[in-house]
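> curious how this folds, go ahead:
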Amino acid sequence: MTFVNINSFGTDHTIWMKGLGFYDDEIDIMESRLTELVARNTSFEARQGVEHFQNQFLIQKKNISGLKHEVNSYVKKLSFDSEKHAGHVQDDLIPEHHSLHEKYEGLEKLMNGLRHEFLSYLGKWM
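Predicted coordinates for the structure are as follows:
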């Protein structure tokens, strides 16, 4: 079994959690703006996008919650292993770190795309 220093994992998990919190808050803001749009614009064309965005917001909230859970579980594993091995962790945790990093980056890209799509929609109908 090979071990690496816990410091080699850096603070990525902290950055991920703050970013996930930001995206969660951003969805709340977009939901609020969508509610404003529905109240102001009752045209059929404007309402066609409402359900799409409601669904996307719900899906992304679930994705964010799931990734938060995965990151928290991973941090617990790191902490437990670090305590068990005097500041070192098994190197078999490295692939999980990379996987979480990829998932976070994927969510970032998705959220950026959703934000741009939503702002375009708002610009058209507000």
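
> helices or strands next to the longest helix along the chain in the packing?
Looking across the chain with DSSP state H, the single longest helix is helix 44-84. Judged by 3 or more Cβ pairs under 8 Å, 6 or more residues apart in numbering; DSSP states H and E, helix 44-84 is in contact with helix 12-40, strand 88-90, helix 94-125. Glycine gets a C-beta too; all of them are placed from N, C-alpha and C.

> angle of that helix against helix 94-125?
160 degrees (axes from the mean of the first three to the mean of the last three Cα atoms, to 10 degrees).

> when you give positions from now on, start the count at 371
With 371 as the first residue, the last one maps to helix 414-454.

> could you give the angle of helix 414-454 to helix 382-410?
Orientation check (the same axes, to 10 degrees): helix 414-454 against helix 382-410 gives 160 degrees.

> average pLDDT for helix 414-454, rounded please.
Mean pLDDT, helix 414-454: 93.

> run the chain-centre distance for it.
Distance, stretch centre to chain centre, for helix 414-454: 5 Å (Cα atoms, centre = their mean, to the nearest Å).

> could you do stretch 468-488 as well?
Put simply, stretch 468-488 sits 7 Å off its chain's centre (Cα atoms, centre = their mean).

> buried residues in that stretch, which are they?
Of the residues in stretch 468-488, those buried by neighbour count under the rule 16 or more other Cβ atoms under 10 Å are 470, 473, 474, 477, 481, 484, 488.

> any idea which of the helices and strands packed on helix 414-454 scores lowest on pLDDT?
With a mean of 81, strand 458-460 has the lowest mean pLDDT of the helices and strands packed on helix 414-454.
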